[in-house]
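**Student:** no sequence for this one, just the structure:
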């Protein structure tokens, strides 16, 4: 049974809108609708791996901060180097590293290639970034056989970084995933001053990696005779020098990518990140044509200089018919290896196969798949016809 007061209340709520009971409900419904409209837009504002990499690489602190404020995980990884902190280390961008670390990024996080931010800074010779990372807790020494910052600094020829790491307690005899030492890296790359620094710091000369090679063998293989003499001593070096060059094995080096092709690939990545797939496809095709031009890096002999960044092709020793090609930076853990060979079918066949797939996808209007296939073809061609027997991180 309803009393007069209740009937009056019902009439007000059903009347001309001057009642007060439904107003809070209307406001709540309005706010909920507004939230539902804004939430998807906010979620869409977060980047994919490609856009993240491009923005952080170019040092856009403001946009990176906006993404983090919007909920981007601080250890979100881009499509090439890794996390924002890793990219900052690669670029030597300390403010970028500070931003991601302040939001909870793991300074010792490992990417898909077993690399950490400190390794990236060491590889690029970013001494100030290396210092900042060590001072903020980056570990120089790692457990077991793993690539360390000292390997990367020695391989890259960064004497100041090597000296700093040794001063701070880096293990001079640390073993990489294939059992190689920093001294072997210096011997391979002809970094005489670094080799001397490592020897003076107690580097062992008797360590043999899983391929049966030591530092002297690598120095001889790459014709770095002064380093071989420093490591072996005069008498042992005289014996080694008397042996035929073939004794030491064939030197294998990565090939540089033509500057024009590199620029076209960078532009293609930007177009792809912006969602402009048609333009990206055209740029990828142009880059591939530039790579295949006579006289460019992809067609030169294997004695060409090593590229500091690259597209890595890997194969498994137990599965010689299976290769993969991925866009990546050619740091040691990403595939640099002294025991290289062309796998079943050869790299040219791998590239042609990816190109065939790319054209098929493009003809079918499947632009996303076409872009992926073009990237893989570029990776195969940039490999210069050499496929590592086994990637250090894929035993």
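**Tutor:** Received it, and whenever you're ready, just let me know what you need. Not measured: the values here are computed from a predicted model.
**Student:** for residue 121, helix, strand, or coil?
**Tutor:** Under DSSP: H, G, I helix; E, B strand; the rest coil, residue 121 falls in the helix class.
**Student:** tally of neighbours for it?
**Tutor:** Residue 121 is flanked by 32 other residues according to other Cβ atoms under 10 Å. Just so you know, the C-beta spots here come from the backbone N, C-alpha and C atoms, and that holds for glycine as well.
**Student:** just residue 203 next, same as before
**Tutor:** By other Cβ under 10 Å, the residues close to residue 203 number 23.
**Student:** same check, this time on residue 230
**Tutor:** Neighbour count of residue 230, defined by other Cβ under 10 Å: 22.
**Student:** Was I right to think it contacts residue 194?
**Tutor:** No: between residue 230 and residue 194 there is no contact under Cβ atoms under 8 Å: 11.0 Å.
**Student:** how about the strands of the stretch 201-350 of the chain, start to end?
**Tutor:** 310-316, 319-328, 340-341 (DSSP state E, counting those that start in this stretch).
**Student:** and the nearest residue to residue 355 once chain neighbours are set aside, what helix or strand is that in?
**Tutor:** The shortest distance from residue 355 to any non-neighbouring residue, by Cβ to Cβ, 6 or more residues apart in numbering, is to residue 377 (4.7 Å). Using DSSP states H and E, residue 377 sits in helix 367-382.
**Student:** what about the helices in the stretch 201-350 of the chain?
**Tutor:** Shown for the stretch 201-350 of the chain, the helices assigned by DSSP state H, counting those that start in this stretch span residues 215-221, 225-232, 234-241, 259-273, 277-291, 346-363.
**Student:** Next one: the closest residue to residue 214 other than its chain neighbours relative to residue 111, how far apart?
**Tutor:** With Cβ to Cβ, 6+ apart as the criterion, residue 214 has its nearest non-adjacent residue at 5.0 Å, and that residue is residue 208. Remark: distance between residue 208 and residue 111 (Cβ to Cβ, to the nearest Å) = 29 Å.
**Student:** neighbour-wise, which of those two wins?
**Tutor:** The neighbour comparison of residue 208 against residue 111 (other Cβ under 10 Å) goes to residue 111, with 21 against 14.
**Student:** element containing the more buried one?
**Tutor:** Of the helices and strands defined by DSSP H and E, none includes residue 111.
**Student:** Surely it and residue 76 touch.
**Tutor:** No: Residue 111 is beyond contact range of residue 76, at 11.9 Å (criterion: Cβ under 8 Å).
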